[in-house]
Structure formats: C-alpha cells, structure tokens
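Enquirer: Predicted model and sequence below, questions to follow.
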Amino acid sequence: MKFLRQMLTIAVKDLRSELRTKEALNASLSFALVILLLFSFAFDPTSDMTREISGGLLWLVFAFAGVLLLNRSFARELPNDCLDALIASPLPGAALLLGKVLANYVLLLGIECVCLPVFGIFYNVRWTLQPAWLALVLLLGTWGMTVVGTVFSALTVNMRLRELMLPMLVYPVLIPCLMASMRLTTLILAGQPVTGDELAWFKMLIAFDVIFTALAVTLIDTVLVG
Amino acid sequence: MNDAAARNFEYLAYGLIAVWVILVAYVLTLVSREGKIRAQIDVLRRMMEDHGKL
Amino acid sequence: MKQKILYALGVVAALLLTRNIWTMLTKLPDEAFQGAIFRIIFFHVPCAFTCFLCFFMTLIAAIAYLSTHNLKWDAFAVSATEVGLAFGAANLVTGMIWARIIWGIWWTWDWRLTSMLVCWLLYAGYLVLRDAIEEPTERARLAAVMSILSFSVVPFVFFSIKWFRTQHPQPVLYGGGKMDSAYRIMLYGNWVPILLFAVILIAIRMGQERRQRELDALRREIHAF
C-alpha cells in the first residue's frame, strides 16, 4: 500500500509539473501532427494501400512523439539537484521508476487520443470500428514504450548527447513491441476481427510488457545509484 | 564453365573476400588502438623524465 | 606465456581454415540448385553462431560485473561485443551476397537477416553508449545494464520478426529440406577456426583494455604530484 502511494505521489508530481507548463506536451503533440502531415507527402494518402500501412504509420508517429516526452522524464529532475534529492530520499527506486512510467503513460495516451481523430480525418481511416480492441492495443503498446523509454531516460540522464542517445538506444529495443502494435492496429483499423494467429501478437505484447517491467524495476537501482 | 556458373563463383569469391575484409578491418582498429596506447606511453615516459629532472 | 598460447591458437585456426577451404572447393559436391555460391553458408552460418555466442558472453560479463564490480568483466564485455559485431557484419554481408545471386536483389527482408540487422544495431548502440560516458565505473555500470536489456530483447526480436515475415511470405534464405551430412559436418567444422579467431581477437582486445586502464592509473599518479 505504501509503495502504491509513493508511486502515485511521483506520478501526480510529474503530471502536475508537466501540465502546468505543458512544454513537452505541446512540443510532442506538434511534432506528432507535423509527422502525420509529412507522411501524407510520402505516399498517396487516399489510396487503398494506405489502409495496409495505417497501423504502421500511426505507431511510428507515436514512437517519435513519445521519445520527445520520455527524454524529459528524468531530465526534468536535473536542475537544482532534484534527481540527487529523489535518489537520497527513502523512496525505493522501483517506486520512482513506476511513478514516472505512469505519468509518461498518461501523457502519451493523451497524445495518442488526440492523434487518432486527426489521423482518421487526414487519411480517411475509420478508427471507431472496433474501439475495444483498439483501446487494448493502445494500452498495452504504450505501456511497453513507456517502460522501456523511462528506463533508458534514467540511463542517459547524465550524458551530454542525451537527446540523440535516447532515440538511438530505445528504438531497437522497442521493435518487438512496435511491430506487434503495428500489426494489430492495421488489422483493427481495417475492420478485421482479431482471431487465431493474430491473438499471438497480443500474447507477445503482454509478455514484452511483463518482462520489461520486471527488468526495469530490477535494474533501476543499478542505473540510478550503482 | 558457362556464364551463370562463372558468376556464381565470382560472387562466392566476393563473399569470402568480404568476410576477410571485415575481419581485417577489425584487426586494423585493434592495431590503431595499439598505436594510441604506445603514444600515451611515450607521453607519460616524457612526463616522468621531466619530473625526474626537477 | 599468454602470447604463446594465442599464437598457437592462431596457427591452429589458420591450418584448420586452409584445410576447410580446400575441402570446400575441391571435395564437396555442388548443391543441386544453388551452385557454387552455396559454399558461402560455411562462413555465413558460423559467423552468426559466433556473433550470438559473443553477445551471450557480453550478458554473462554484464551480470558478473554487477555482482563483483571487477573492471576485468567490463573489459571482457566490450571486447566480446566488438568481436561479435565484426562477425555479425560478416554474417550480414555474406547473406546479402548470397541473396544477390539467388534472388537477384541485395536485401530481401528475410526474417533471419532482418533480425540480425536489428541485433547488430542494438549492440552498435551499446558501443556508442560506452563512448558517451567517460568515467570508467559509471561506464561499466550503465553498459552492463544496457547489455542485459539488449540481450533480453533478442528473443523477442527473432520471434516477432519471424511471425511478421511468415505472415507476408518472403524468400527463404536457406531453402527447405535437410542438409547432406557432409555439408553439416563442414558447417560445424568451419565453426571451430572461426570461433578460435574470435577468441584470439577478444583476448587481444582485453589485453588492450587492461593496458589502457594501467595507463590511466599511471597518468593519475603522475598528475597527482
């Protein structure tokens, strides 16, 4: 119970701090919309082929926008030695990590919810066909992205080229999660039922989320303190 | 040997050469690292001599 | 003493390799459909085995470093990763050359090649991470965490790309059917000299790391005066 409270305290702190200034949120959202726009130039947005890559496109946008947000996660604590204060506090590393993951999760889900209607409008995709399945994929896929991204944010927090290093390190590790999400989203947006073979992607997403959450929680103390 | 077979062997040769080139390239990075280590040793030796003279 | 062992291993590896190449080119019969280019598999697959063995060694070294805080394990980790990347690159390039002959295009998005590319990029990121951190203990610690995360994602990468690609059928690099026993003997047989080369390279690289650390310690001592 105490752990949960600690985790929520950190999550609420991060969310409040972000929502007050909204700098990362605005940057991330604008970036997502610009990318959606750029993609429309890369190929014909109205053709049928777009339907086949719709899931991939969407998750690419989420991945790029998400990394912007995740960079801020631990970097926000650097001025005024806040990070040192957090590490020195009686807060367990796992609570700190999960609190930040939760905050990033909520923010990223918010961005995704804004991007979906825009995507639907720009690319003429009917995304409301199977809302429950879509929500499930978004929830699972975003968790995978946030957990891995936050751990790497902690890892790269003290580096000079943090903004470059984080995307470069995070994307290869996220490939299974992104691949599963893309595949499932393409199916769901096309209105096809998710059955049989395709359910295996869900199982993979869940396995990825569980394993990387466990790894992150185990390794966070090593990353922050040593 | 007809054309296709000749091309086949040619590419086999390229493949084997590629493996060697990559490994040799790595060995060259090791050699350059060796050179840098030697240079550092020289600098340190000179520094120690200067200290010794003082 | 160690130098002599390394030289001896080098000679053994060179002899084995020469014998293998001679056997490959003269004794083994041509494969029915693929012709001469098939022989490249005797380097392509052992390089992949060696690459993944090296990455596994990096994982072991990472866990050992985090348990013992002995920088020798960190030296082993970086050496194993560099050598693993070199052999991984050899695997990728030989795969591409094979694909060029068999399918006419350099890159086929075959699941094995794609997975190897992702793993290669993953561990190349490991090296870039190391370059970005200057303090040796911090570098060893963060690199160890990175290698644990990287190796954990490798099985996911392989499974997910395999499913992804089998849903959109792609040219299969190795062709169906079992391999002739003579081929299989040669395949595993050629792994031995390649593995020996990997061991030699790792040993040399580790020696260089050790000397670099001694130099850094010496430099600190001198500057202390």
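Expert: Right, received. Where do you want to start?
Enquirer: can you list the weak-confidence ranges in the chain?
Expert: Going with chain A. Within chain A, the stretches with pLDDT under 70 are A:45-46.
Enquirer: you looked at the wrong chain, it should be chain C
Expert: Along chain C, segments meeting pLDDT under 70 span C:27-34, C:167-180, C:225.
Enquirer: Could you show which parts of it are in contact with chain A?
Expert: Residues of chain C lying near chain A by C-beta under 8 Å from any C-beta of the partner chain: C:66, C:118, C:121-122, C:125, C:128-129, C:132-133, C:137-138, C:141-142, C:144-146, C:148-150, C:152-153, C:156-157, C:159-161, C:163-164, C:167. In short, each C-beta sits where N, CA and C put it, glycine included.
Enquirer: from chain A, which residue is nearest to chain C?
Expert: Residue nearest to chain C within chain A (C-beta to the nearest C-beta): A:Pro176, separated by 3.8 Å.
Enquirer: which element is that residue on?
Expert: Assigned by DSSP states H and E, A:Pro176 belongs to helix A:162-189.
Enquirer: now that helix, how far from the centre of its chain.
Expert: Relative to its parent chain, helix A:162-189 has a centroid offset of 9 Å by C-alpha atoms, centre = their mean, to the nearest Å.
Enquirer: now do stretch A:211-224
Expert: That offset, for stretch A:211-224, works out to 17 Å (C-alpha atoms, centre = their mean).
Enquirer: Can you tell me which of the residues of chain C next to chain A are buried?
Expert: C:66, C:118, C:121-122, C:125, C:129, C:132-133, C:141-142, C:144-146, C:148-150, C:152-153, C:156-157, C:159-161, C:163-164 (16 or more other C-beta atoms under 10 Å in any protein chain shown).
Enquirer: what comes up buried for the helix holding A:Pro176?
Expert: Quick answer for helix A:162-189 (16+ other C-beta under 10 Å): A:162, A:165-189.
Enquirer: does the closest residue to A:Thr128 other than its chain neighbours count as helix, strand or coil?
Expert: With C-beta to C-beta, 6 or more residues apart in numbering or on different chains as the criterion, A:Thr128 has its nearest non-adjacent residue at 7.8 Å, and that residue is A:Gly120. Assigned by DSSP: H, G, I helix; E, B strand; the rest coil, the conformation of A:Gly120 is helix.
Enquirer: Tally up the residues packed near A:Gly120, please.
Expert: 15 (other C-beta atoms under 10 Å in any protein chain shown).
Enquirer: Would you confirm that it contacts A:Trp127?
Expert: Yes - counting by C-beta atoms under 8 Å, A:Gly120 touches A:Trp127, with 4.8 Å between them.
Enquirer: near chain B, which residues of chain C show up?
Expert: Residues of chain C lying close to chain B by C-beta under 8 Å from any C-beta are C:21, C:35-37, C:39-40, C:43-44, C:47, C:82-83, C:86-87, C:89-90, C:93-94, C:97-98, C:100-101, C:197, C:201, C:204-205, C:208, C:211-212, C:215, C:218-219, C:222, C:225.
Enquirer: on that earlier part again, list the contacts of the residue nearest to A:Thr128.
Expert: A:126-128 (C-beta atoms under 8 Å, 6 or more residues apart in numbering or on different chains).
Enquirer: Rebuild those residues as CSV, extending it with secondary structure, neighbour count and distance to B:Gln40.
Expert: Output for the contacts of A:Gly120, formatted as CSV (DSSP: H, G, I helix; E, B strand; the rest coil; neighbours: other C-beta atoms under 10 Å in any protein chain shown; distance: C-beta to C-beta, whole Å):
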residue, secondary structure, neighbour count, distance to B:Gln40
A:Arg126, coil, 11, 65
A:Trp127, coil, 17, 60
A:Thr128, coil, 11, 65
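Enquirer: For chain A, which segments count as strands?
Expert: Using DSSP state E, chain A contains no strands.
Enquirer: what residues does it put near chain B?
Expert: Residues of chain A lying near chain B (C-beta under 8 Å from any C-beta): none found.
Enquirer: can you pull out the helices in chain A?
Expert: Along chain A, counting by DSSP state H, helices occupy A:2-21, A:23-42, A:49-75, A:82-88, A:93-123, A:131-155, A:162-189, A:199-224.
Enquirer: Provide the angle between the direction of the third one and the direction of helix A:131-155.
Expert: What that stands for is helix A:49-75. If you take axes from the mean of the first three to the mean of the last three C-alpha atoms, to 10 degrees, helix A:49-75 sits at 40 degrees to helix A:131-155.
Enquirer: so what secondary structure elements neighbour helix A:49-75?
Expert: Judged by 3 or more C-beta pairs under 8 Å, 6 or more residues apart in numbering or on different chains; DSSP states H and E, helix A:49-75 is in contact with helix A:23-42, helix A:93-123, helix A:131-155, helix A:162-189.
Enquirer: Relative to the whole chain's centre, how far out is it?
Expert: 8 Å.
Enquirer: now swap in the longest one and tell me
Expert: Here helix A:93-123 is found 6 Å from its chain centre; the criterion is C-alpha atoms, centre = their mean.
Enquirer: Okay, buried residues for it please.
Expert: Neighbour count says helix A:93-123 has A:93-112, A:115-116, A:119, A:122-123 buried, by 16+ other C-beta under 10 Å.
Enquirer: again with the fourth one
Expert: The neighbour-count criterion (16+ other C-beta under 10 Å) identifies A:83, A:86 as the buried residues of helix A:82-88.
Enquirer: Give me the contact list for that helix.
Expert: Under C-beta under 8 Å, 6+ apart, the answer for helix A:82-88 is A:74, A:76-77, A:93, A:96, A:157, A:224-225.
Enquirer: Using CSV, write out the CA atom coordinates for that helix.
Expert: C-alpha atoms of helix A:82-88 as CSV (Å, rounded to 0.1, in the frame of the first residue of the first chain):
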residue,chain,number,x,y,z
CYS,A,82,16.3,17.3,-7.7
LEU,A,83,17.5,13.9,-9.0
ASP,A,84,20.0,13.6,-6.2
ALA,A,85,17.3,14.5,-3.7
LEU,A,86,15.0,11.9,-5.1
ILE,A,87,17.7,9.2,-5.0
ALA,A,88,18.7,10.1,-1.5
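Enquirer: which residues touch the most centrally placed residue in chain C?
Expert: Closest to where the C-alpha atoms of chain C average out (C-alpha atoms, centre = their mean) is C:Cys51, at 2.0 Å. C:Cys51 is in contact with C:84-85, C:87-88, C:91, C:116, C:119, counting by C-beta under 8 Å, 6+ apart.
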